[in-house]
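K.L.:
for reference, the sequence and a predicted model appear below.
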Amino acid sequence: MAISSQITIFLCCAFIASLSFCSVASVPELQRLKYQLSKVDDHGSLLSFLVVGDWGRRGLYNQSKVALQMGLVGEKLDIDFVISTGDNFYEDGLTGVDDPAFKESFSNIYTAPSLQKQWFSVLGNHDYRGDVQAQLSPILRKLDKRWLCLRSFIVTAEMVDFIFVDTTPFVNEYFTNPKNHTYDWRGVLPRENYLQNLLKGFESALRQSQAKWKIVVGHHTIKSAGHHGITKELEEQLLPILKDNHVDLYVNGHDHCLEHISDTESQIQFLTSGGGSKAWRGDIKWWKPEELKLYYDGQGFMSVQLNEVEANIVFYDVFGHVLHKWKLSKELDSDV
């Protein structure tokens, strides 16, 4: 569905005017975009989107099959946009803006009409092994207008605020024990200053948010029973901010699985959508049964439909079969 409004984004003093948004005031260190909703239901505005992560493998490891099902579900739900939870290009990000992997893993894979919408993407640890500036470059948006990747930013869509967070620089291991990998830390160093400013902007954005729904998107897990498990740095630095500011959903990738953990100590739903391509690790760590609502060690993706009173979350496998549904309202959470 076409959206007529435009956005003015100032990023590194560059003017970008090809997206369907409009500009609003920013908070420290975080770019803010406004997305105009165009659908309504009995409860007012309606928003639908898909979430996929850990996907960029030139169609291999069932990436193309996941893309096919995303297209079918996207058409059925008439989605507004797609969210990517990072690790957009394997194994080592992009080599530059002219890297053919951009077309071979993105433009040539997600070809369904319903997926020709805006993609909001964050960086994953594998993306940091390549040329980070390439993924952030407006040149890629000229190659494929759907693409938008920023380090950390906010998307406001009337009743919901999405806060996208650059989680890779939080992880100590990538700095202290890189395991023969080279990371592109341009724009991050000095790390302490970067994280301090990011946390300040992140907390400020959540504290000032008047949205009905607050959704935080990052690459790394906070709570997970999967291969990577809990990211201690995020548990210590981000989780308290999520709890203090009544975040509804934390959405991530990193673990190559589909997962739903319903936190019993807060209202937060932890949702992992990292099954965009290579998966099936075959390992799962013990987790409280009352919290672990879904763990699927395979490929797939997630959809979310939001209105003023409820959110409907659905996980799909590589064949488009529904694995799990969850309904969240401001009055009641219930398994459906």
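P.N.:
That came in fine, so what should we check first?
K.L.:
need the per-residue pLDDT for Asp141.
P.N.:
Just so we're on the same page, residue 141 is Arg rather than Asp. Listed pLDDT for Arg141 reads 97.
K.L.:
go ahead and confirm it touches Gln135.
P.N.:
No - with contacts counted by CB atoms under 8 Å, Arg141 stays clear of Gln135, the gap being 10.7 Å. Any C-beta I mention is one placed from the backbone N, CA and C, and that applies to glycine too.
K.L.:
those two: who's more crowded?
P.N.:
Gln135 (26 against 16; other CB atoms under 10 Å).
K.L.:
so who does the more buried one touch?
P.N.:
Neighbour list for Gln135: Asn88, Phe89, Gly93, Leu94, Ser121, Leu123, Asp127, Cys149 [criterion: CB atoms under 8 Å, 6 or more residues apart in numbering].
K.L.:
let's go with 7 Å and repeat that
P.N.:
Asn88, Gly93, Leu94, Leu123, Asp127, Cys149 (CB atoms under 7 Å, 6 or more residues apart in numbering).
K.L.:
leaving out sequence neighbours, find the closest residue to it.
P.N.:
Cys149 (4.7 Å; CB to CB, 6 or more residues apart in numbering).
K.L.:
which of the residues in stretch 183-199 are buried?
P.N.:
By neighbour count on 16 or more other CB atoms under 10 Å, the buried set for stretch 183-199 is Tyr183, Asp184, Trp185, Val188, Tyr194, Leu195, Leu198, Leu199.
K.L.:
and the furthest pair within those residues?
P.N.:
Asp184 and Leu199 (21.4 Å; CB to CB).
K.L.:
need the helices for the stretch 51-200 of the chain, in chain order.
P.N.:
63-77, 101-102, 132-136, 138-143, 173-176, 191-208 (DSSP state H, counting those that start in this stretch).
K.L.:
what's the neighbour count on Asp283?
P.N.:
11.
K.L.:
which strand or helix spans it?
P.N.:
Assigned by DSSP states H and E, Asp283 belongs to no helix or strand.
K.L.:
what's the pLDDT at it?
P.N.:
90.
K.L.:
wait, isn't it in contact with His227?
P.N.:
Yes - with contact defined as CB atoms under 7 Å, Asp283 counts as touching His227 (5.4 Å).
K.L.:
which outside residues touch stretch 51-63?
P.N.:
In contact with stretch 51-63 (CB under 7 Å, 6+ apart) are residues 66, 70, 82-90, 101, 104-106, 109, 251, 253, 256, 273-274, 276-278, 299, 301-302, 304, 318.
K.L.:
rounded mean pLDDT for that stretch, please.
P.N.:
98.
K.L.:
quick one: buried residues of that stretch?
P.N.:
For stretch 51-63, by 16+ other CB under 10 Å, it's Val51, Val52, Gly53, Asp54, Trp55, Gly56, Arg57, Arg58, Gly59, Tyr61, Asn62, Gln63.
K.L.:
roughly how far does the fourth one sit from Ala311?
P.N.:
Remark: distance between Asp54 and Ala311 (CB to CB, to the nearest Å) = 23 Å.
K.L.:
residues contacting the residue nearest to Ser329 when sequence neighbours are not counted?
P.N.:
In space, and not counting its chain neighbours, Ser329 is closest to Glu310: 4.3 Å by CB to CB, 6+ apart. Counting by CB under 7 Å, 6+ apart, Glu310 makes contact with Lys327, Leu328, Ser329.
K.L.:
hmm, back to that, closest one of the buried residues of stretch 183-199 to Ile222?
P.N.:
Of the buried residues of stretch 183-199, the one sitting nearest to Ile222 (CB to CB) turns out to be Leu199, at 14.5 Å.
K.L.:
wait, the closest one sits on Glu236?
P.N.:
No - when contacts are counted by CB under 7 Å, Leu199 is not listed as touching Glu236 (11.2 Å).
K.L.:
which ones are touching Gln267?
P.N.:
His246, Asp248.
K.L.:
if we go to 10 Å?
P.N.:
Leu242, Lys243, His246, Val247, Asp248, Leu249, Leu328, Lys330, Asp333 (CB atoms under 10 Å, 6 or more residues apart in numbering).
K.L.:
does it belong to a helix, a strand or coil?
P.N.:
State at Gln267, reduced to three classes by DSSP: H, G, I helix; E, B strand; the rest coil: coil.
K.L.:
show me what contacts the residue nearest to the spatial centre of the chain?
P.N.:
What sits nearest the mean C-alpha location of the chain, by CA atoms, centre = their mean, is Thr85, with 3.3 Å. Residues near Thr85 by CB under 10 Å, 6+ apart: 51-55, 121-122, 124, 164, 167, 217-220, 251-254, 271-274, 276, 302.
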